[in-house]
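J.: A predicted structure for the sequence below; I have some questions about it.
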Amino acid sequence: MANAALDPHAAIATTASGAPDRLTTADGRPLVRALARSQSKARRRAFLLVAPLLAFILITFVVPIGQMLQRSFHNDGFSANMPQISAWFAETPAGTVPDDAAWTALAADLTASAEARSIGVVGTRINYDLAGSRSLFTSTGRKVRRGIEPPYRDALLEMDEDWGDPQLWSAMRGASSAVTGNFYLAAVDRTRDEAGKIVQVEENRRIYVTLFWRTFWLSGLITALTFVLGFPIAHLLATLPMRKSNLLMILVLLPFWTSLLVRTTSWMVLLQQQGVINDILVWLGIIGDGQRLQMIYNQTGTIIAMTHILLPFMILPLYSVMRTINPSYVRAARSLGATSWTAFRRIYFPQTLPGLGAGAMLVFILAVGYYITPALVGGSSGQLISNMIAMHMTDTLNWSMAAALAALLLGAVLALYWLYDRLVGVDNLKLG
Amino acid sequence: MHVKSTLILSTALAGLAFSAAAQEVNVVSWGGAYEKSQVEAYNKPFAAETGIKVNMIAADNPATPLKAQVEAGNVSGDVFDIEVSDAIRLCDEGALVEIDPASLPAAPDGTAASEDFVEGALLDCAVANIVWGTVISYNTTKFEGDAPTSAVDFFDTETFPGKRGLPKNPKRTLYLALIADGVAAADVYDELGSDEGVERAFAKLDTIKDDVVWWEAGAQPVQLLADGEVSMTTVYNGRIFDAMVAEGQPFEVIWDGQYMDMDMFVIPKGAPNPEAAMDYLKFATDTQRLADQAKYIAYGPARQSSADLVGLYQDGKTEMAPHMPTSPEALENAVMDDPEFWADHDAELSERFNAWLASS
């Protein structure tokens, strides 16, 4: 305390205000406020600098993905165009037999929707839950445009007796609220029966759960393969003299810069039954002409092509980490009596883990979403869940279903990321 | 300075385009050889006759920009060339202008348009211009004895060994299995509409499942056939014609069990030049224009009266008539696409088909 008077800061504080908690600047303003002000100015400037990028990410990434994901649980194709019958469903409990009020509401909605030319949208929405009902709506729409007379129940049943189907009414009830979990149920091979209970779909239509498992299993396998193949190459790259390693680096990067489609079709040329590898094997007499190997248009083809395409994503992070490892550590271990295996296992390998983690994560996440390669070389057994998402996006145009599948995939990847963070730690990750 | 002058230039160009709007029509089509055939057969004579300039815009699938433009309320295309299922769907959703068949030009012999167009070619909001087929084709070097002649032979891997190429979707596989199983072309959709029929189709596909190479893109089957990877495949008839005639590949086409689709001209609501669009549509779908198109591509005219006017391919020696998916031989056992059926059942059968593919 004796030195307190010599401390220049303390001197300012005591002389300026007499109280140690009210420091001020030279022009008399409180120091805390002046600091906060100058800092907030810097913060604002920093924010302005990143604002374009933030806006870009928001507009091109967060908003569209959010909108897409919203489709997975929100679809107002029915409820927005059929307001009266939707209101009737809201008032009555599930399983109510449609009464006169219901038929009147249905007829009024159908007429209005047919006039507004939105009947196709309504039919499409119901068709997601009950196959074959789209044409029921559009054909009835064409008929009610010519006029419909009460009693509406008889009139509609005469137009098409399917209007009496309890499954149709159950499907309409399900669609009468815009918010629905049915797409998620369908994405895990489940559906609701007439009583509203959740049941598995028929065995010959179960596909998504199988494909989710297959996607994760194959992605894991491909990650492991890229590690086994990529680790020695990355080590070579990091330890060879500059001139040789540059040449090797170009060999790694050249395929990386080549179009994905070109690489995929090259694998077709190499691997198909009349392809280069089979031709060579037959020529060498290793296999007969009749026993040509089936290496593509199946799971094997998907694994080979994807491993090759994703290999650089494993090699590059590993390489950048290996470059920074000081060789004297391993030398020190050897001089202290460690065998080369022990030195590798206990000294070298642990230091490559950040690169391995980054590479594995990149490869795995890219593999989970891969679409074009399995579509072209996967045949029947090499399809992944992304192919189903693409099918619903472009062929069946059921974007809600595509969004539900994509949301589950995204959720699963995030869960794995969380697990990774818990086990390894994300800060233990080095991309370069 | 440079940026500024570019800006001025593009503004001036946009202004020009705007002022010239009355004398032009924007047609959105599929690009490639198909677009070229339309430019030669429709656009050039149309411009020469009416003085209206035709701008051709290529799209992967013109229905996608059409839907986007109508939803955004900012329509820039006047005429779109789209698939039947999209034409029906977009018409049901109120995005298209209705077209009165009586307003279309009659055939040269006076037959009304509604009689002259092939079945299904005239819809509430759409007029077909061409018919294209998915057909079986084989590599002639693969079979030494008898050549295959029918859909039944496609499923007979004992007599006709080798792999088979099929597209990886239910729409263009199930019908073929049913035809090969003895169902008449006219009954295919009745059969597919029932559970037993679907079972029957999958049971037939099971017999060759291990021998199938599944293709995804239209160029693949031609390549598979050329490489000898498959001995027989289904393929789009325009593509296989190109490979046979332009490239001289040793392929043959089997018309039995042909699957026919059409391409449709539609006009969106809110088109910038609706009158010129309608003029173009009528001009392009008249008898002579549709026949002329066959000179440039192996797709069939959607009018019966055009068939007799179909002449030689642009190489000047190949007679086009037998290569048309609308020739009498080709129509003998042909299945016409039923867009209503697929609008109803595509999702369901796709799931079923993919589950079947995934099971071993």
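T.: That came through fine.

J.: Go through stretch A:379-387 and flag the buried ones.
T.: Within stretch A:379-387, the residues that qualify as buried are A:G379, A:S380, A:S381, A:G382, A:Q383, A:L384, A:I385, A:S386, A:N387, counting by 16 or more other CB atoms under 10 Å in any protein chain shown. From N, CA and C alone the C-beta is placed, and that goes for glycine too.

J.: buried sites along stretch A:245-264?
T.: Under 16+ other CB under 10 Å, the buried positions of stretch A:245-264 are A:S245, A:M249, A:V252, A:T264.

J.: Just the ones in helices from the residues you listed, please.
T.: A:S245, A:M249, A:V252, A:T264 (DSSP state H).

J.: Output those residues in JSON lines; the columns should cover pLDDT.
T.: As requested, these are exported to JSON lines (pLDDT from 0 to 100):
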{"residue": "A:S245", "pLDDT": "91"}
{"residue": "A:M249", "pLDDT": "91"}
{"residue": "A:V252", "pLDDT": "90"}
{"residue": "A:T264", "pLDDT": "89"}
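
J.: quick revisit: give the members of the buried residues of stretch A:379-387 that are also in contact with chain B.
T.: A:G379, A:S380, A:S381, A:Q383 (CB under 8 Å from any CB of the partner chain).

J.: phi, psi of the residue lying closest to the last one once chain neighbours are set aside?
T.: Right, the one you point to is A:Q383. Closest residue to A:Q383 apart from its sequence neighbours, by CB to CB, 6 or more residues apart in numbering or on different chains: A:P374 at 5.9 Å. In terms of degrees, to the nearest 10, the main-chain angles of A:P374 are phi -60, psi -30.

J.: residues touching A:P374, list them.
T.: For A:P374, the contact set (CB atoms under 8 Å, 6 or more residues apart in numbering or on different chains) comprises A:T302, A:M306, A:G382, A:Q383, A:L384, A:S386, A:N387.

J.: thought the first one was touching A:T373?
T.: Yes - under the criterion of CB atoms under 8 Å, A:T302 lies in contact with A:T373, with a separation of 6.8 Å.

J.: Show me which of the two is the more surrounded one.
T.: A:T302 (28 against 24; other CB atoms under 10 Å in any protein chain shown).

J.: Let's verify the more buried one: helix, strand, or coil?
T.: Following DSSP: H, G, I helix; E, B strand; the rest coil, A:T302 is assigned to helix.

J.: Could you look up the SS state of the nearest residue in space to it that is not next to it in sequence?
T.: Ranked by CB to CB, 6+ apart and with sequence neighbours excluded, the top spatial neighbour of A:T302 is A:G382, at 3.4 Å. Assigned with three-state DSSP, A:G382 falls in the coil class.

J.: List the contacts of A:G382.
T.: A:Y297, A:N298, A:Q299, A:T300, A:G301, A:T302, A:I303, A:P374.

J.: B:D211 now?
T.: Shown in contact with B:D211 (CB under 8 Å, 6+ apart): B:T157, B:G162, B:K163, B:R164.

J.: Quickly name whichever of those is closest to chain A.
T.: Lowest distance from chain A to the contacts of B:D211 (CB to the nearest CB) belongs to B:K163, with 7.5 Å.

J.: Without its sequence neighbours, what residue ends up closest to that closest one?
T.: Looking at B:K163 with CB to CB, 6+ apart, the closest residue is B:V230, at 4.3 Å.

J.: neighbours around that neighbour, how many?
T.: 27.

J.: Quick one: list the elements packing against the longest helix along chain A.
T.: Using DSSP H to define each element, chain A has its longest helix at helix A:208-239. For helix A:208-239, the packing partners by 3 or more CB pairs under 8 Å, 6 or more residues apart in numbering or on different chains; DSSP states H and E come out as helix A:242-257, helix A:299-323, helix A:349-368, helix A:385-394, helix A:399-423, helix B:339-358.

J.: was I right about B:E351 contacting A:I207?
T.: Yes - using CB under 8 Å, B:E351 makes contact with A:I207 at a distance of 5.8 Å.

J.: next one: stretch A:113-132 to chain centre, how far?
T.: 29 Å (CA atoms, centre = their mean, to the nearest Å).

J.: buried sites along that stretch?
T.: Buried positions in stretch A:113-132, judged by neighbour count with 16+ other CB under 10 Å: A:113-114, A:117-132.

J.: Now the terminal residues of it, how far apart.
T.: Start-to-end span of stretch A:113-132 (CA to CA, to the nearest Å) is 19 Å.

J.: what about it and chain B, touching?
T.: Yes - using CB under 8 Å from any CB, stretch A:113-132 reaches chain B at A:A116, A:R117, A:S118, A:I119, A:G120, A:V121, A:G123, A:T124, A:N127, A:Y128, A:A131, A:G132.

J.: ok, and the closest non-adjacent residue to the last one?
T.: It stands for A:G132. That would be B:D344: by CB to CB, 6+ apart, it lies 4.5 Å from A:G132.

J.: Any figure for the gap between A:T96 and chain B?
T.: Separation of A:T96 from chain B (CB to the nearest CB, to the nearest Å) stands at 27 Å.

J.: tally of neighbours for that residue?
T.: 13.

J.: how would you label it: helix, strand or coil?
T.: Relying on three-state DSSP, one would call A:T96 coil.

J.: Could you measure from it over to A:R173?
T.: 9 Å (CB to CB, to the nearest Å).

J.: how about B:P148, phi and psi?
T.: phi -70, psi 150.

J.: The closest residue to it other than its chain neighbours: neighbouring residues, count only.
T.: Among residues not flanking B:P148 along the chain, B:F160 sits closest, at 5.0 Å (CB to CB, 6+ apart). By other CB under 10 Å, 19 other residues sit near B:F160.

J.: For B:F160, pull up the helix or strand it's in.
T.: Take DSSP states H and E as the rule and B:F160 turns out to sit in neither a helix nor a strand.

J.: One more: B:L178?
T.: Going by DSSP H and E, B:L178 is in helix B:174-180.

J.: same deal with B:D261?
T.: In this structure, B:D261 is located in strand B:251-266 according to DSSP H and E.

J.: Okay, now the sheet partners of that strand, with direction.
T.: strand B:79-83 (antiparallel), strand B:126-139 (antiparallel), strand B:335-336 (parallel) (DSSP bridges).

J.: ok, is the helix or strand that the first one is followed by in contact with chain A or not?
T.: When you say that, I think you mean strand B:79-83. Following strand B:79-83 in sequence order, the next helix or strand is helix B:84-92 (DSSP H and E). Yes - judged by CB under 8 Å from any CB, helix B:84-92 comes into contact with chain A through B:R89, B:C91, B:D92.

J.: residue ranges with poor pLDDT in the stretch 51-200 of chain B?
T.: Within the stretch 51-200 of chain B, no stretch falls below the threshold (pLDDT under 70).
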